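Engineer: Sequence and predicted structure below; questions after.
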Amino acid sequence: MENVRPAQFSPHLISDTLKALYTGVIDLIYPPLCLICDQRIAHARLEICGSCLEEFKLIGRPHTQFSVPGEIYISGAWALFEFDKPFQQLIHHLKYSRRRKPIGIVLNHYESQILDQLPTNKIDLVISIPLHPRKFRERGYNQVDNMSQWLTEKLDTELGNQFVKRKKYTTSQTKLNAEERMKNVRAAFGVTDKTAIKGKHVLLVDDVLTTGATANALAELLAQSGASKIDLITLSTPQYGNA
């Protein structure tokens, strides 16, 4: 009689099945809700319902003015979405609720419109505005790193976060005016490898553009390190039409 081998079960298949069952039970007991409107969504991994996703408003044009005093080292700036209440909620979750996945969902949904806004000449490096190590430990992550990684992949370029650092722990910029913001971030940054910056077109990435003081402080240092051009992209700005 021919020997019949017992069926082989993959540990990974069993693990994935158990995870799917667990997720299904949790979703049944605690239905996943949209982060913006609190309406029920089909899957917890979506985190934003289709209606809210469609209602985010793209600004669709670059900013041309900065309210930070002094010389501006940023050639072009783009704040992608209007800073209305729904998008403010999204930013709040990104910064304080460890909800980074929804940003990828938003960027993918508006991919073509976002990429159409950016410079047509090649960007060499994409760099997140760095957090101070203390702030990084407090938060556990840099809230714009996922966006920087997304842009790096879409623009087929290099991620350069390792070439900059934040040396100075700065207080919150929220209640400071433009001049106070500039003083607050003066000498806040450092470059770890000037040869990697020299001659490069750099795209800086941040979450919210208010006066531009923070990004401009880093841009000044990059310019001094030999960067050929520095642009800036952020998710949003509270000053529509004015950076």
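Structural biologist: Thanks, I have it.
Engineer: My reading is that residue 137 lies in a strand. Confirm?
Structural biologist: No. Per DSSP: H, G, I helix; E, B strand; the rest coil, residue 137 lies outside any strand segment and is helix.
Engineer: quick one: it from residue 169, how far?
Structural biologist: 11 Å (Cβ to Cβ, to the nearest Å). Quick note: C-beta positions are derived from backbone N, CA and C, even for glycine.
Engineer: All the strands of the chain, residue numbers only.
Structural biologist: For the chain, the strands defined by DSSP state E occupy 76-82, 125-128, 158-159, 164-166, 189-191, 201-208, 229-237.
Engineer: Point out the other helices and strands that the first one packs with.
Structural biologist: The criterion is 3 or more Cβ pairs under 8 Å, 6 or more residues apart in numbering; DSSP states H and E, and the helices and strands that strand 76-82 contacts are helix 111-117, strand 229-237.
Engineer: Angles on the backbone of the residue nearest to residue 102 when sequence neighbours are not counted, please.
Structural biologist: In this structure, residue 102 finds its nearest non-sequential neighbour in residue 47, 4.7 Å apart by Cβ to Cβ, 6 or more residues apart in numbering. Reported as degrees, to the nearest 10, the phi and psi values for residue 47 are phi 70, psi -20.
Engineer: ok, residue 47 touching residue 36?
Structural biologist: No. Using Cβ atoms under 8 Å, residue 47 is not in contact with residue 36, being 9.2 Å away.
Engineer: Just give me the neighbour total for the residue nearest to residue 102.
Structural biologist: When neighbours are counted by other Cβ atoms under 10 Å, residue 47 registers 22.
Engineer: and residue 104, which of the strands of the chain is closest to it?
Structural biologist: strand 229-237 (11.9 Å; Cβ to Cβ).
Engineer: coming back round to it: rebuild the helices and strands packed on strand 76-82 as a markdown table, extending it with distance to residue 101 and mean pLDDT.
Structural biologist: Shown next, in a markdown table, are these (distance: least, Cβ to Cβ, whole Å; pLDDT from 0 to 100):
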| stretch | distance to residue 101 | mean pLDDT |
| --- | --- | --- |
| helix 111-117 | 16 | 94 |
| strand 229-237 | 14 | 96 |
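Engineer: Please work out which of the ones you listed is packed deepest.
Structural biologist: Among the helices and strands packed on strand 76-82, strand 229-237 has the highest mean neighbour count (mean count of other Cβ atoms under 10 Å), at a mean of 24.
Engineer: quick check: angle from it to strand 76-82?
Structural biologist: 10 degrees (axes from the mean of the first three to the mean of the last three Cα atoms, to 10 degrees).
Engineer: Point out the other helices and strands that strand 229-237 packs with.
Structural biologist: When contacts are defined as 3+ Cβ pairs under 8 Å, 6+ apart, strand 229-237 packs onto strand 76-82, helix 85-96, strand 201-208, helix 213-224.
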